[in-house]
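Build me a model:
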Amino acid sequence: MNSFLQLDALHFAYPDRGEVLRDVCLQLAPGEIHCLIGRSGCGKTTVLKLAAGLLTPQQGQVQLKSQMVQQPTSDMGFVFQSPTLLHWLSVIDNVLLPISLHGAVTHDQRAYGEQLLAQMGLAALRDDKPHQLSGGQQSRVAMARALITRPAVLFMDEPFAALDAITREELQRDFLALCQTHGTAVLFVTHDMAEAVYLADRVSLMHEGRMQAPLQIDLPRPRHSAMRYTPAFNALCEQLRHTMDTTL
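Numbering: from 1, shown residues only. Now for the predicted structure:
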């Protein structure tokens, strides 16, 4: 596999909790969506933070495009469970925030922000404030903001977990369309097996700080909602559930 994000034998311990990761390895190819799944406390979010340079491993290394990762870079975008929008800024200004923090926003950059909002179905809400939006709309703004710098890789930590089931499925659909359009690779943390199977090219199960060999998701793209009810989809969910149960 042509890997451009690589995690090699990572070990990590928090001062107050001891070791939480042991010998974690992962490869992410350009444009690939790789989901991490596991029970709470298994180390998923810690892996995400190490991959993004938000934490430093005690052993092992992280490389992006063959360069050591020591801090977040402009090649990275982030979406977390909470949209964390600035309530005093308009929708478009929240999207453009990663650019405006470093200088004046150009005409082309603003046009790209408008394009992202249109792709997310939010063009008519560009001047609204976050409190005027639904939870799903706020999550869409957060995704547009993460993509405004045209990152090569997105790090997503349960971004749809707080949404109702219908809104979550709509966001998953639109998220996949955006990733396909922009060729963005994604490392995606979730606790939802059906979400992992629907989104991912590969799924890695974590248990007590260790990562299992990834499960290849051999479902055709583009993914569509009806796929969730097919025997192939259900078989992959069952396989993932069986692997989780047998790691206890």
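
CA only for contacts and neighbour counts going forward, please
Noted.

which residues touch the residue nearest the centre of the chain?
Centroid check for the chain by CA atoms, centre = their mean gives Met156 as the closest residue, at 2.4 Å. Counting by CA atoms under 8 Å, 6 or more residues apart in numbering, Met156 makes contact with Phe78, Val79, Phe80, Val186, Leu187, Phe188, Val189.

Just the CA atoms of stretch 10-18, as PDB, please.
Extracted in PDB, the C-alpha atoms of stretch 10-18 (Å, rounded to 0.1, in the frame of the first residue of the first chain):
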ATOM      1  CA  LEU A  10       3.800   3.700  19.100                       C
ATOM      2  CA  HIS A  11       3.900   3.400  22.900                       C
ATOM      3  CA  PHE A  12       2.300   6.100  25.000                       C
ATOM      4  CA  ALA A  13       1.600   6.600  28.700                       C
ATOM      5  CA  TYR A  14      -0.200   9.400  30.500                       C
ATOM      6  CA  PRO A  15       1.500  10.500  33.800                       C
ATOM      7  CA  ASP A  16      -1.600   9.800  35.800                       C
ATOM      8  CA  ARG A  17      -2.800   6.700  34.000                       C
ATOM      9  CA  GLY A  18       0.200   4.700  33.000                       C
END
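
Contacts made by that stretch with the rest, please.
Under CA under 8 Å, 6+ apart, the answer for stretch 10-18 is 19-25, 56-61.

between those, which is nearest Asp93?
Using CA to CA, Thr56 comes nearest to Asp93 of the contacts of stretch 10-18, at 31.8 Å.

on that earlier part again, any idea how far the residue nearest to the centre of the chain lies from Ala104?
To Ala104, Met156 is 27 Å away according to CA to CA, to the nearest Å.

likewise Arg140?
24 Å.

Looking at these two, which one has more neighbours?
Set Arg140 next to Ala104 and count neighbours by other CA atoms under 10 Å: Arg140 wins out with 24 against 9.

quick one: which helix or strand includes that one?
helix 135-147 (DSSP states H and E).

by contact count, what packs against that helix?
Applying 3 or more CA pairs under 8 Å, 6 or more residues apart in numbering; DSSP states H and E, one finds that helix 135-147 contacts strand 76-80, helix 91-95, helix 107-119, helix 165-182.

Specify the residue ranges that define each domain of this structure.
1-75+158-248, 84-150 (automatic domain parsing).

Now render those as TSV, adding mean pLDDT.
Listed next are the domains of the chain as TSV, based on pLDDT from 0 to 100:
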stretch	mean pLDDT
domain 1-75+158-248	91
domain 84-150	94
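
which residues in this structure form helices?
44-51, 91-95, 97-100, 107-119, 135-147, 165-182, 193-199, 231-246 (DSSP state H).

Tell me which of those helices lies nearest to His207.
Per CA to CA, nearest to His207 of the helices of the chain: helix 231-246, 8.1 Å.

just checking, what packs against the closest one?
Contact here means 3+ CA pairs under 8 Å, 6+ apart; on that basis helix 231-246 packs against helix 193-199.

elements contacting the helix it packs on?
Partner elements for helix 193-199 (3+ CA pairs under 8 Å, 6+ apart): strand 33-37, helix 165-182, helix 231-246.

Please spell out which residues along the second one are buried.
To tie it back to what came earlier, the one meant is helix 165-182. Of the residues in helix 165-182, Arg168, Glu169, Leu171, Gln172, Arg173, Asp174, Phe175, Leu176, Ala177, Leu178, Cys179 count as buried by neighbour count, 16 or more other CA atoms under 10 Å.
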